[in-house]
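Visitor: Predicted model and sequence follow; I will ask about them next.
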Amino acid sequence: MAEINSYYFDDITIENEFRSLLKQRFVEDDVYELYDKEINLIPMDVDLKSKVSLPAVTFSIFQGESINPDDKELQTYIPFTIEVNVYTSGESKVLKNRQLCNIIIQILQSNGPLPSQEYYCRGLRLQENTEVNSLLDSAYRRVIRMSGLCDNNLKLIIRGD
């Protein structure tokens, strides 16, 4: 029998899984042809203000509060939020940014195993897809926020509320 609250949310593994999904899709012809160059998926520890080539995407995952924080039962469902920032520049930067955002949303809402086959994702829930101020000069930026619940026992990710 498992100990009380022995299941934990492995945010690093899940973030790497979703990053792998994005990388796989970003190298496909239809996405590559949007910019005629590779989309830069920024690693976790890179400062965006350093010389990053655009288009660029940042990806972060944040654990929410446990569903039953006062219970002494196993808390198998952990809510989380994913935040994706999409930066584009140049000609048609707004249109291309929206197209790339739609591709990312489609990936994160899809149903299927994550790349390592350890987790299965039934798709995330879109919370936000909005234009925000950019940290980079002459760049257009949109932020996407999506939510999910991770069943740590079954290694299953479902849409969050």
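Guide: That came through fine. Numbers count the residues shown, from 1 in each chain.

Visitor: What is the least confident helix or strand in this structure?
Guide: Within the chain, no helix or strand scores below helix 29-35, which has a mean of 89 by mean pLDDT, DSSP states H and E.

Visitor: Show residues contacting that one.
Guide: By C-beta atoms under 8 Å, 6 or more residues apart in numbering, the residues outside helix 29-35 that reach it are Arg25, Phe26, Glu38, Ile39, Pro55, Thr88, Lys96, Gln99, Leu100, Ile103. C-beta here means a position set from N, CA and C on the backbone, and glycine is covered the same way.

Visitor: Which other helices and strands does the helix or strand just after it contact?
Guide: Per DSSP states H and E, the first helix or strand lying C-terminal to helix 29-35 is strand 40-41. If contacts are counted by 3 or more C-beta pairs under 8 Å, 6 or more residues apart in numbering; DSSP states H and E, strand 40-41 sits against helix 11-26, strand 56-63.

Visitor: what mean pLDDT does strand 40-41 have?
Guide: For strand 40-41, mean pLDDT rounds to 92.

Visitor: can you check stretch 89-103 too?
Guide: The average pLDDT for stretch 89-103 rounds to 94.

Visitor: got the CA positions of it in CSV?
Guide: Only the C-alpha atoms of stretch 89-103 are listed here, as CSV (Å, rounded to 0.1, in the frame of the first residue of the first chain):
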residue,chain,number,x,y,z
SER,A,89,9.0,39.4,-35.8
GLY,A,90,9.3,40.5,-39.4
GLU,A,91,6.8,40.5,-42.1
SER,A,92,3.3,39.3,-41.2
LYS,A,93,4.5,38.8,-37.6
VAL,A,94,0.9,39.0,-36.2
LEU,A,95,-0.6,36.6,-38.7
LYS,A,96,2.2,34.1,-38.4
ASN,A,97,2.2,34.4,-34.6
ARG,A,98,-1.5,33.5,-34.5
GLN,A,99,-1.0,30.6,-36.9
LEU,A,100,1.8,29.2,-34.6
CYS,A,101,-0.4,29.7,-31.5
ASN,A,102,-3.2,27.7,-33.2
ILE,A,103,-0.7,24.9,-34.0
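
Visitor: And the strands in this structure?
Guide: Applying DSSP state E to the chain gives strands spanning 40-41, 56-63, 77-88, 112-113, 120-121, 125-132, 140-151, 156-159.
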